[in-house]
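[1] the following comprises the amino acid sequence and a computationally predicted model.
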Amino acid sequence: MEFSNQPPETGRRPGIALVRTPATRPLVAIVTSDDLVGTNTHYYRNRTSPCEGEGCPICAEGLSWRWHGYLSCVDQATKEHILFEFTAQASDAFRAYRARYGTLRGCHFKATRHAQRYNGRVTIQTRPADLEGKDLPPTVNLKAMLCHIWGLALPEAEILGTVKDHPRIRVRRTQTQKGNSQPVA
């Protein structure tokens, strides 16, 4: 047995909160990832889970899927580095920004909900951020974050490319041990 006064560098997990657009106030943030990553998801058993595509057990139960995109950003109100989740419709502004500037990193955005309702349509406005005198945190591995949130082994997910202009992840479900990225034997 070995004891130490520091955790191993390889044992550190990315700790970042998953955030959706609030109902009653705008979310204003600056993107830290170079691009967005997305996949088809199901809302199943009170949580968002990735669709496994062909042979998906949730699809087999008759539940429909919906595309969700993710990017890392710094919330300008709290200065917290967060993982932002959004729908395909809300991704239009990010895709237009990426087409114009070649990257999403440094994109200042404001996300609001229509009629200040929890399930209201999300509208996103983008513009280049004024980064004079600011240092953005390094980009994070979005795929690793999503695998951690969904309890998937990192090697089990791969970015396939795009479907209808949306990046898509293919997932082969392998449960992991709690707090670990290794598959359960």
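    Looks like it arrived, so ask away. Numbers count the residues shown, from 1 in each chain.

[2] can you pull out the strands in this structure?
    Listed in chain order, the strands of the chain (DSSP state E) span 17-19, 27-31, 37-44, 47-50, 66-75, 81-87, 107-113, 122-128, 157-163, 166-171.

[3] can you add mean neighbour count and distance to Ser4 and give those back as JSON lines?
    Glycine gets a C-beta too; all of them are placed from N, C-alpha and C. As requested, the strands of the chain are exported to JSON lines (neighbours: other C-beta atoms under 10 Å; distance: least, C-beta to C-beta, whole Å):
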{"stretch": "strand 17-19", "mean neighbour count": "14", "distance to Ser4": "28"}
{"stretch": "strand 27-31", "mean neighbour count": "22", "distance to Ser4": "36"}
{"stretch": "strand 37-44", "mean neighbour count": "20", "distance to Ser4": "34"}
{"stretch": "strand 47-50", "mean neighbour count": "17", "distance to Ser4": "35"}
{"stretch": "strand 66-75", "mean neighbour count": "21", "distance to Ser4": "30"}
{"stretch": "strand 81-87", "mean neighbour count": "20", "distance to Ser4": "27"}
{"stretch": "strand 107-113", "mean neighbour count": "21", "distance to Ser4": "40"}
{"stretch": "strand 122-128", "mean neighbour count": "16", "distance to Ser4": "44"}
{"stretch": "strand 157-163", "mean neighbour count": "13", "distance to Ser4": "31"}
{"stretch": "strand 166-171", "mean neighbour count": "19", "distance to Ser4": "35"}
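
[4] report the central residue of the protein.
    Tyr70 (2.7 Å; C-alpha atoms, centre = their mean).

[5] for Asn5, which of the strands of the chain is the nearest?
    Among the strands of the chain, strand 81-87 comes nearest to Asn5, with 26.2 Å by C-beta to C-beta.

[6] ok, residues contacting the closest one?
    16-21, 27, 29, 32, 48, 66-75, 94, 111, 122, 124, 137, 140, 142, 145, 149 (C-beta atoms under 8 Å, 6 or more residues apart in numbering).
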